[in-house]
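Chemist: got a sequence here, can you build the structure:
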Amino acid sequence: MTGGTAWHARVECGSEVGAGFLVSGRHVLTCAHVVRRRELAPVAVSFPADRELTGIPATVIVHGGWRGGPTDPGDLAVLELDREVPLEPAEFAAPGEDQATTELIAYGFPKGYDEGMLASYRALPGPLISDEWAQLEALTAHGQPLAPGFSGAAATRADGRVVGMVSTVAGGRDIRVGRMLPTQVMVRYWPQLCELIPASGHPPEAVRRLNALVRRAAAEGLNCSPHRLYVDAVGPFGPPLPEQGFASLGAAAGYVMGEVPGTEAVTRFADRLRELLDAPPAPRAVAPGWSPILVEIEHSGAGADQVTVEVSACRDGHRRRVDSRRMPRAAVREFVQLRVDAAFDHLAPDAQELLAFVLPREWLNEPVAHWECGPEDRTPLGSAHPLVVMDRSRYRSGRLRHQLTKKWQQLEARTAPPLHRVDCGGRERPAGLRKRLRDEGAALAGFSYPPGAARPHFEAGLNTPVPVLLWPRTGCTAPEHDGPCAGTAFLDELADGVTGVPPVELPRRVMELRETAEADDDPDGHWAKDVQLLWDDPRCFPRPAASLHSPVR
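Modeler: Alright, predicted model coming up:
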């Protein structure tokens, strides 16, 4: 293997061994799962064709978003070598060339063959599996199967040009099938790859311009909707929004460059992105000195248990995205712990942090304040930092954002507002409660019961511009009764705890109450153990991006 095929690479990360291929003097493509232990073990790349090029340290600079499951999309990683290597990089076949029925060669490193082995396969014709993978099938019943060690290998035509990357290998000894990420799918996760593909259908300068704008948007933390940009770019008669949507701006740009015919969409996408980047920041009212870390959770539409979670840090009125993933609900807590910790790196050294969870309405009672700071720090987040929740539908309502902003401006000229109690046992209809809160100009409302106990009454508070709502997560669960109860006692204590506190300081005051409850000799019996604070000041948060969901969301 010399000359034009010396770009085949062996990738090691701890005990994991896979393949890869050189695409520039310093960049190697491989599968994300090959380097999944990169935080525990170094990544090293070797080129079997040159014994001098062995064990070169590498860093993952692009990750496709693969989440760890065998059927999760985005199983692609771009490695940057710590030095340039004197080898010719791989060449790509032009898009549209039919690889079905054509022999494809993969160069991998199965156990016992450190120097590598070749496997011969073909891609089956037909649609991609889940719009992500082409299925590979052995040409014969003999020869080398796609075993562990082939992940990340380039799938090449007989002339050596790359048409895809092996991503999944067969599980059984006698099963001679696998999966491949075709080039047009790889572009979704690394749009710059379009610059390396010949005759991609787009002028090279247009591709370079769009990629430069995507990199600039990432560096500046631009808050925009990839879905909206895509729809604007392809126009009303273009290809519909893909069912899986786009996990990032780069994925949307890559899809336009790799899979949308014609050149107009690339130009329109770039023009609109340039407009957003160059637009002056929208004027904002003077906000309190909070520096929010936003944790936004919404249903993904990919399944009843699937949600999309985005963590971002707000600084100088701009949102800086830390990470955004789709995941099962059970994985949210661990993801948030890691990404919130990373978000602090984006705040100014003297910033007053505020953790704000923007939740679907049915999640508002989630015990996010009790989530631990991390695997080695069991301190509840709500005791370590000021922490509030926000209702996602209210957060995205232009009408309520406008009314809430006016309410906060009025509050600055007033002393601390009184607590408007919503007790158990009342015969007040939801419409009557809404009218009372509005007529009395309520700024601070306390409920004696959690949202699920009397949802119509609770929604009356959410749909009225009351800036602050408090309630006990485990308060009275059957509020239609007479006489005092635990919820009544909660409101009595709450009134004493927040009287005289300006609304802008309530996140800090509630944090102190949570700390007091946690330090109590009987923490489970303390009235403030499960206090939940919905605190909603639009002046503190960048304007939400226009939301346009894919059809399955």
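Chemist: buried set for stretch 213-220?
Modeler: For stretch 213-220, burial by neighbour count (16 or more other CB atoms under 10 Å) applies to 213-214, 217. C-betas here are computed from N, CA, C, even on glycine.
Chemist: which of these fall in helices?
Modeler: The helices, defined by DSSP state H, take in 213-214, 217 from these.
Chemist: reformat those as a markdown table; add distance to Gln409 and pLDDT.
Modeler: Formatted as a markdown table, the entries for those read as follows, by distance: CB to CB, whole Å; pLDDT from 0 to 100:
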| residue | distance to Gln409 | pLDDT |
| --- | --- | --- |
| Leu213 | 36 | 92 |
| Val214 | 38 | 88 |
| Ala217 | 32 | 88 |
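Chemist: please report how far the most centrally placed residue in the chain lies from Asp305.
Modeler: Centroid-nearest residue in the chain: Ser324, 0.8 Å away (criterion: CA atoms, centre = their mean). The spacing between Ser324 and Asp305, counted by CB to CB, to the nearest Å, is 18 Å.
Chemist: try His33
Modeler: From His33 across to Asp305, the span is 22 Å (CB to CB).
Chemist: who has more neighbours, these two?
Modeler: Applying other CB atoms under 10 Å to His33 and Asp305 shows that His33 carries more neighbours, namely 22 against 12.
Chemist: am I right that the more buried one is in a helix?
Modeler: Yes - inclusion of His33 in a helix is indicated when DSSP: H, G, I helix; E, B strand; the rest coil is applied.
Chemist: give the burial count for the closest residue to it other than its chain neighbours, as a bare number.
Modeler: Residue nearest to His33 in three dimensions, not counting chain neighbours: Asp75, with 5.8 Å by CB to CB, 6 or more residues apart in numbering. The burial count assigned to Asp75 is 30, neighbours taken as other CB under 10 Å.
Chemist: quick one on the thing from earlier: let's verify the residue nearest to the centre of the chain: helix, strand, or coil?
Modeler: Secondary structure of Ser324, reduced to three states by three-state DSSP: strand.
Chemist: who's it bridged to?
Modeler: Bridge pairing for Ser324 (DSSP bridges) gives the partners Glu310.
Chemist: measure the closest residue to Phe541 other than its chain neighbours to Gly500 for me?
Modeler: Using CB to CB, 6+ apart and skipping the chain neighbours, the partner closest in space to Phe541 is Pro292 (5.9 Å). Separation of Pro292 from Gly500 (CB to CB) stands at 25 Å.
Chemist: with neighbour numbers in mind, choose between these two.
Modeler: The residue with the greater number of neighbours, taking Pro292 and Gly500 and applying other CB under 10 Å, is Pro292; the counts read 28 against 8.
Chemist: OK, contacts around that one?
Modeler: By CB atoms under 8 Å, 6 or more residues apart in numbering, the contact set of Pro292 is 313-314, 353-356, 540-541.
Chemist: got a pLDDT number for it?
Modeler: Reported pLDDT at Pro292 in the predicted model: 94.
Chemist: ok, now Asp377?
Modeler: The model reports Asp377 with a pLDDT of 92.
Chemist: going forward, the N-terminal residue is numbered 286.
Modeler: Happy to do that; since the first residue is 286 now, the last one works out to Asp662.
Chemist: count of residues packed around it?
Modeler: Taking other CB under 10 Å as the definition, Asp662 ends up with a neighbour count of 12.
Chemist: how much space separates the residue lying closest to it once chain neighbours are set aside from Ala763?
Modeler: The shortest distance from Asp662 to any non-neighbouring residue, by CB to CB, 6+ apart, is to Ala669 (8.0 Å). For Ala669, the distance to Ala763 (CB to CB) stands at 34 Å.
Chemist: with neighbour numbers in mind, choose between those two.
Modeler: Per other CB under 10 Å, whichever of Ala669 and Ala763 has more neighbours is Ala669, with 17 against 11.
Chemist: count of residues packed around the closest residue to Ser733 other than its chain neighbours?
Modeler: Leaving aside its chain neighbours, Ser733 sits nearest to Gly772 (2.8 Å; criterion: CB to CB, 6+ apart). Around Gly772 there are 27 other residues, counting by other CB under 10 Å.
Chemist: OK, contacts around the nearest residue to Ser678 once chain neighbours are set aside?
Modeler: Here the nearest residue to Ser678 in space, its sequence neighbours aside, is Arg646; by CB to CB, 6+ apart that works out to 6.1 Å. With contact taken as CB under 8 Å, 6+ apart, Arg646 is in contact with 676-678, 736, 744, 747.
Chemist: all helices of the stretch 486-635 of the chain, in order?
Modeler: Ranges of helices within the stretch 486-635 of the chain are 489-505, 511-519, 534-544, 549-563, 617-628, based on DSSP state H, counting those that start in this stretch.
Chemist: what angle separates the third one from helix 511-519?
Modeler: What that stands for is helix 534-544. 30 degrees (axes from the mean of the first three to the mean of the last three CA atoms, to 10 degrees).
Chemist: packing partners of helix 534-544?
Modeler: Applying 3 or more CB pairs under 8 Å, 6 or more residues apart in numbering; DSSP states H and E, we find helix 534-544 packed against helix 468-474, helix 489-505, helix 511-519, helix 549-563.
Chemist: wait, which of those helices is closest to Pro333?
Modeler: Checking these against Pro333 by CB to CB gives helix 468-474 as the closest, at 22.9 Å.
Chemist: what separates that closest one from the chain centre, distance-wise?
Modeler: Relative to the mean C-alpha coordinate of its chain, helix 468-474 is positioned 19 Å out (CA atoms, centre = their mean, to the nearest Å).
Chemist: which stretches of the stretch 486-635 of the chain have low pLDDT?
Modeler: 486, 528-529, 566-573, 585-588 (pLDDT under 70).
Chemist: from Asp399, how far out is Glu297?
Modeler: Here Glu297 is placed at a distance of 10 Å from Asp399 (CB to CB).
Chemist: more neighbours: those two, which one.
Modeler: Here Glu297 and Asp399 are compared on neighbour count by other CB under 10 Å; more neighbours surround Glu297, at 19 against 12.
Chemist: pretty sure that one sits against Val328.
Modeler: Yes - at 7.3 Å, Glu297 counts as touching Val328 under the criterion of CB atoms under 8 Å.
Chemist: which residues of the stretch 736-838 of the chain fall in strands?
Modeler: In order along the chain, the stretch 736-838 of the chain carries the following strands (DSSP state E, counting those that start in this stretch): 753-757, 816-820.
Chemist: and among those, the most buried is which?
Modeler: Using mean count of other CB atoms under 10 Å, the stretch among the strands of the stretch 736-838 of the chain with the largest mean neighbour count is strand 753-757, at a mean of 25.
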